[in-house]
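>>> give me a 3D structure for the following:
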Amino acid sequence: MRDQIDILLDAALLHVPFDGWSDEALKAAANDSGMDIATARALFPRGGVDLALAYHRRGDAQMAAKLAAEDISHLRFRDRIAFAVRTRIEAAEDRELVRRGAALFALPPYAPDGARVIWGTADLIWNTLGDSSTDYNWYTKRATLAGVYSSTVLYWLGDDSPNAQATWNFLDRRIDGVMQFERVKGAAEKNPLLRAALAGPKAILSCIKAPARGPQSDLPGHVSPPPTQQG
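Residues are numbered from 1 along each chain as shown. A predicted model of the protein is given here:
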């Protein structure tokens, strides 16, 4: 089945710039690849949107493979993140395919799908880089990176600078902004007054756990009961 999905997706990429991620692109891809439309619809039940999701996940897989093959241990952690985001964007290659996807996922019926795959990309980057957080930081890291990634993609779509250098400069600025916030948060932790003021919210946040890995890994995290008071 994997081969059939790849064959159909490859055939669709020739039509998406003209037809978008649509049923028309799926039908044309089935015709080009000699596949009957019933089989094509079984592989992509929602037509164009499932094609777009498959294309995005292929880019994720290509990014993960490149990160696994590269030795980036010598880089600062913020540079590893920048490298991962750049690698993911460069995996897309054709901006028109991404532009068509952005237009599709901006539509209300498909916005949840778009948000889900961007979150998945951020999750994959953190997992590939060895993130081991299991508390609320699991969520904040991915939410922050999802924002950095999506804004950088939008910038890249309109970037006509040589080798997209303006995009990579934009990415560095976004990551610098995140790192500056983390430094401010770290300084606040060292301030006794602020630390005391944040004790209550932190106690609540400490109950939030990352989702379990496995068959239900796509479920949201859970709130664990507060520890029993000993007295």
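>>> show me what contacts the most centrally placed residue in the chain?
With distances taken as CA atoms, centre = their mean, Thr121 lies nearest the centre of the chain, 2.3 Å away. Residues near Thr121 by CB atoms under 8 Å, 6 or more residues apart in numbering: His56, Asp60, Met63, Arg88, Ala146, Tyr149. The C-beta positions use only the backbone N, C-alpha and C, and glycine is treated the same way.
>>> got the phi/psi numbers for the fifth one?
Per-residue torsions, Ala146: phi -60, psi -40 (degrees, to the nearest 10).
>>> how close does it get to Asp32?
Distance, Ala146 to Asp32, using CB to CB, to the nearest Å: 34 Å.
>>> who has more neighbours out of these two?
Neighbour count, other CB atoms under 10 Å: between Ala146 and Asp32, Ala146 has more, with 19 against 15.
>>> tell me which element the closest residue to the more buried one other than its chain neighbours is part of?
Using CB to CB, 6 or more residues apart in numbering and skipping the chain neighbours, the partner closest in space to Ala146 is Ala122 (4.2 Å). Using DSSP states H and E, Ala122 maps to helix 111-128.
>>> send me that helix as PDB with only the CA atoms.
Output in PDB follows, covering the C-alpha atoms of helix 111-128 (Å, rounded to 0.1, in the frame of the first residue of the first chain):
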ATOM      1  CA  ALA A 111      -7.900  24.200   9.700                       C
ATOM      2  CA  PRO A 112      -7.700  21.500  12.400                       C
ATOM      3  CA  ASP A 113      -5.900  19.200  10.000                       C
ATOM      4  CA  GLY A 114      -3.400  22.000   9.300                       C
ATOM      5  CA  ALA A 115      -2.800  22.700  13.000                       C
ATOM      6  CA  ARG A 116      -2.400  19.000  13.700                       C
ATOM      7  CA  VAL A 117       0.300  18.500  11.100                       C
ATOM      8  CA  ILE A 118       2.200  21.600  12.100                       C
ATOM      9  CA  TRP A 119       2.100  20.400  15.700                       C
ATOM     10  CA  GLY A 120       3.300  17.000  14.500                       C
ATOM     11  CA  THR A 121       6.300  18.600  12.800                       C
ATOM     12  CA  ALA A 122       7.200  20.500  15.900                       C
ATOM     13  CA  ASP A 123       6.800  17.300  18.000                       C
ATOM     14  CA  LEU A 124       9.000  15.300  15.500                       C
ATOM     15  CA  ILE A 125      11.700  18.000  15.700                       C
ATOM     16  CA  TRP A 126      11.800  17.900  19.500                       C
ATOM     17  CA  ASN A 127      11.700  14.100  19.600                       C
ATOM     18  CA  THR A 128      14.500  13.900  17.100                       C
END
